[in-house]
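> Structure for the following, please:
(2 chains)
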2 protein chains.
Amino acid sequence: MMIPMRRHKRAISSEAAYELLHKGEYGILSTVNDNGQPYGVPLNYCVLNDRVYFHCAADGHKLSNLNGNPKASFCVVGDTELLPDKFSTKYESVIVFGITNEVTGDEKQAALEALIKKYSPNFHDEGLAYIKSSSSQTRLFGMSIDSITGKARR
Amino acid sequence: MMIPMRRHKRAISSEAAYELLHKGEYGILSTVNDNGQPYGVPLNYCVLNDRVYFHCAADGHKLSNLNGNPKASFCVVGDTELLPDKFSTKYESVIVFGITNEVTGDEKQAALEALIKKYSPNFHDEGLAYIKSSSSQTRLFGMSIDSITGKARR
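The predicted structure is shown next:
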C-alpha cells in the first residue's frame, strides 16, 4: 500500500518502531478534509490490541475530517539531538498509516482505561471514576496499524 | 478559510504562535496523496520572510504528495508536561496552513543560509561551504503561512 522509504539505511526494525510507538508521549495525527487540505494535530494516545486510540472531543476540525475520510497517518518522534557541526540531527521517528473509526461500548471503555494506565498509572481508581463521569461527553477513535515504519539517524 | 477552534479558551496570541513557530526544533509536515491518504513527517525547518522552508530530499513520498497537491499543514509542539492527577497534559502547539512550492535561485540560497543560521549558528563558514557543495542535490520547498493558530494548556 505504501511507497517504500528511499533511505533504507535509516530504517529501524518493526520491533523498535512499535516500541517507539508504545512509549511516545504524544503523536501527530494527520487527516485531510473534503477540499484536500491536510491537517496535523498533536494528541495523547495509547496503543491497545494493535490499534492506536485517541480522544476526539476538543477539535471540530479533526472530527469533521475523520467523518469525511477515515484515512489517517500518525507520527511519533522520539529523542532528538541537534548535530550543528554535521548540519544534521539525531532522531528517531515512527509513522503509522491506518483507518480510523469511532469506538463505543466495551472497546471504548478498554481504550479509556488504557489511556489512564499510560498517562496516570498512579491514579487508577480516580481514573476509573473520571472515565465514569466524563465518558459520555468524550468521543474516542481507534486507528488500525496498516503499516508502521520507523526511521532513525543515530 | 479555516474552521475556527472550538476551544477558544486555549487559543494563544498570534505573537505567541509565531514565537513558537520560530523557535521549534522540528515540525510535522502533513500532506496528502492522490488517494486521499494523509502523511505526516517530522522535519527540520526555518521561518524566513513569513514562509516556512524545509528540505525535500530524503523522502519520495513527501515530494510526490506535494507535487500532486501543494496544500499542507505544519505543526510544531513546544514544551509538554504530563498532569497525571488531572488526566491531562500541559502543552503549547502551533498549526500553520499554507501552500507549498519548490524554491530555487536566490530564494533557495537565502533559505539554506537561514537553516544554517538556525541549526548551526557557530558554523557559519562551514555552513556556506556545505551549501555550496550540496545545494545542487538538495531540493528545498517553501510554504506560505496562510493561517496560524496556537493553542496552550498551562
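> just how off-centre is the lengthiest helix in chain A within its chain?
For chain A, the helix reaching the highest residue count under DSSP state H is reported as helix A:105-119. How far helix A:105-119 lies from its chain's middle: 14 Å, per C-alpha atoms, centre = their mean, to the nearest Å.
> And it, what's buried?
For helix A:105-119, burial by neighbour count (16 or more other C-beta atoms under 10 Å in any protein chain shown) applies to A:107-109, A:111-116, A:118-119. Just so you know, the C-beta spots here come from the backbone N, C-alpha and C atoms, and that holds for glycine as well.
> For the next helix or strand after it, what is the distance to the chain centroid?
The C-terminal neighbour of helix A:105-119 among helices and strands, as given by DSSP states H and E, is helix A:124-134. Relative to its parent chain, helix A:124-134 has a centroid offset of 22 Å by C-alpha atoms, centre = their mean.
> which element follows helix A:124-134 toward the C-terminus?
Downstream of helix A:124-134, the first helix or strand assigned by DSSP H and E is strand A:140-144.
> burial count for the residue nearest to residue A:88 when sequence neighbours are not counted?
Residue nearest to residue A:88 in three dimensions, not counting chain neighbours: residue A:153, with 6.8 Å by C-beta to C-beta, 6 or more residues apart in numbering or on different chains. Around residue A:153 there are 17 other residues, counting by other C-beta atoms under 10 Å in any protein chain shown.
> ok, residue A:153 - contacts?
A:10, A:88-91 (C-beta atoms under 8 Å, 6 or more residues apart in numbering or on different chains).
> where along chain A do the helices fall?
All helices of chain A, identified by DSSP H, fall at A:14-23, A:60-68, A:105-119, A:124-134.
> quick one: buried residues of the first one?
By neighbour count, and taking 16+ other C-beta under 10 Å as the criterion, the buried residues in helix A:14-23 are A:17-21.
> nearest to residue B:45, of those?
Nearest to residue B:45, judged by C-beta to C-beta, of these is residue A:20 at 21.6 Å.
> Could you list the low-pLDDT ranges of chain A?
A:1-8, A:57-59 (pLDDT under 70).
> how about a cut-off of 90?
Applying pLDDT under 90 to chain A picks out residues A:1-12, A:56-64, A:67, A:79-81, A:83, A:85-91, A:130-138, A:152-154.
> I'd like the distance between the closest residue to residue A:78 other than its chain neighbours and residue B:143.
Closest residue to residue A:78 apart from its sequence neighbours, by C-beta to C-beta, 6+ apart: residue A:92 at 4.0 Å. Distance of residue A:92 to residue B:143, computed by C-beta to C-beta, to the nearest Å: 25 Å.
> With neighbour numbers in mind, choose between these two.
Remark: of residue A:92 and residue B:143, residue B:143 carries more neighbours, 25 against 21, as counted by other C-beta under 10 Å.
> Would you mind confirming that that one makes contact with residue B:74?
Yes: between residue B:143 and residue B:74 there is a contact at 6.3 Å, judged by C-beta atoms under 8 Å.
> what's the overlap in contacts for the two?
Taking C-beta under 8 Å, 6+ apart as the criterion, residue B:143 and residue B:74 both touch B:29, B:52, B:96, B:98.
> which one among those gets closest to residue A:138?
residue B:96 (27.9 Å).
> so which of the helices of chain A gets nearest residue B:127?
Among the helices of chain A, helix A:14-23 comes nearest to residue B:127, with 30.3 Å by C-beta to C-beta.
> Wait, residue A:112 touches residue A:132, no?
No: counting by C-beta under 8 Å, residue A:112 does not reach residue A:132; the two are 9.6 Å apart.
> Provide a list of residues in contact with the nearest residue to residue A:20 once chain neighbours are set aside.
Distances taken as C-beta to C-beta, 6+ apart put residue A:94 closest to residue A:20, at 4.7 Å, once the chain neighbours are dropped. By C-beta under 8 Å, 6+ apart, the contact set of residue A:94 is A:17-18, A:20-21, A:24, A:75-76, A:78, A:148-151.
> what does residue A:110 give?
Per C-beta under 8 Å, 6+ apart, neighbours of residue A:110: residue A:48.
> hmm, back to that, from the buried residues of helix A:105-119, which are also near chain B?
A:116, A:119 (C-beta under 8 Å from any C-beta of the partner chain).
> which of the buried residues of helix A:105-119 sit farthest apart?
The distance between the two most remote of the buried residues of helix A:105-119 (C-beta to C-beta) is 18.7 Å, for A:107 and A:119.
> Buried residues in stretch A:60-80, which are they?
Applying 16+ other C-beta under 10 Å to stretch A:60-80 flags A:61-63, A:65-66, A:69-78 as buried.
> Check the offset of that stretch from the chain's centre.
For stretch A:60-80, the distance to the chain centre is 8 Å (C-alpha atoms, centre = their mean).
> so where's the longest strand in chain A?
Across chain A, the longest stretch assigned as strand under DSSP state E is strand A:88-103.
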